[in-house]
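Chemist: model the following, please.
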Amino acid sequence: MIPFLFAAVAAAASPQPAAAAAAAAAAASPLALTTTMLAETRVAASDGSVTMKLAAPNNVGPGDRVVVQLAYRNRGTAPISGLVLANPVPTGLAYRGPRGAGATPEVSVDGRNFGPLASLRVAAATGGLRPATADDVTHVRWRLDSPVTAGTGGELAFQAIVR
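Modeler: Sure thing, here's the model as predicted:
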């Protein structure tokens, strides 16, 4: 099992006043967010075919494939426009790419600057800069073009492997 914490979970569990204020603000927000990690497993059918199934990870190790899923829901009474959702790549995972149809994510190698992977650069071991690779990605961000109407939501996901 790999350990991972998300900022929202850590803030809600902290007894510090700033964390309590952040947790209260999140509770008052019309936007509900849930991040879930699912493991990809191969399931063999009686006819010999193999399908991929997503399930809660019981025990994952290096090289195992996982999916990090971000579910969002507008709990408010008005549409939410211009929504941008960012998710860190959990410690112990290496980003591999988006999963499923929908909004194409931007990625970041530092948590501040986002764009297509091909546009990002990181420091090279020999000095200078080199093109970033999927292993360098630290955050994934989606910009939703359409407003999220009251009572609706959706899911966004990316694929990763356990380091």
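Chemist: low-scoring stretches of the protein, by residue?
Modeler: Across the chain, the ranges flagged by pLDDT under 70 are 1-27.
Chemist: the longest strand seen in it pairs with which strands?
Modeler: Determined from DSSP state E, the single longest strand within the chain is strand 31-44. Taking DSSP bridges as the criterion, strand 31-44 forms sheet pairs with strand 50-55 (antiparallel), strand 65-74 (antiparallel).
Chemist: for those, which one ends up most surrounded?
Modeler: Mean neighbour count, computed with mean count of other CB atoms under 10 Å, is highest for strand 65-74 among the strands paired with strand 31-44, reaching a mean of 19. From N, CA and C alone the C-beta is placed, and that goes for glycine too.
Chemist: what's in contact with that strand?
Modeler: 30-40, 54, 57, 60, 80, 83, 85, 87, 89-90, 93, 96, 99, 140, 142, 148-162 (CB atoms under 8 Å, 6 or more residues apart in numbering).
Chemist: what's the first helix or strand after it?
Modeler: Per DSSP states H and E, the first helix or strand lying C-terminal to strand 65-74 is strand 84-88.
Chemist: strand partners of that next one, parallel vs antiparallel please.
Modeler: For strand 84-88, pairing defined by DSSP bridges yields strand 139-143 (antiparallel).
Chemist: and the helix or strand that comes right after the partner strand with strand 84-88, angle?
Modeler: Of the helices and strands lying after strand 139-143 in sequence (DSSP H and E), the nearest is strand 153-162. Using axes from the mean of the first three to the mean of the last three CA atoms, to 10 degrees, the inter-axis angle of strand 153-162 relative to strand 84-88 is 20 degrees.
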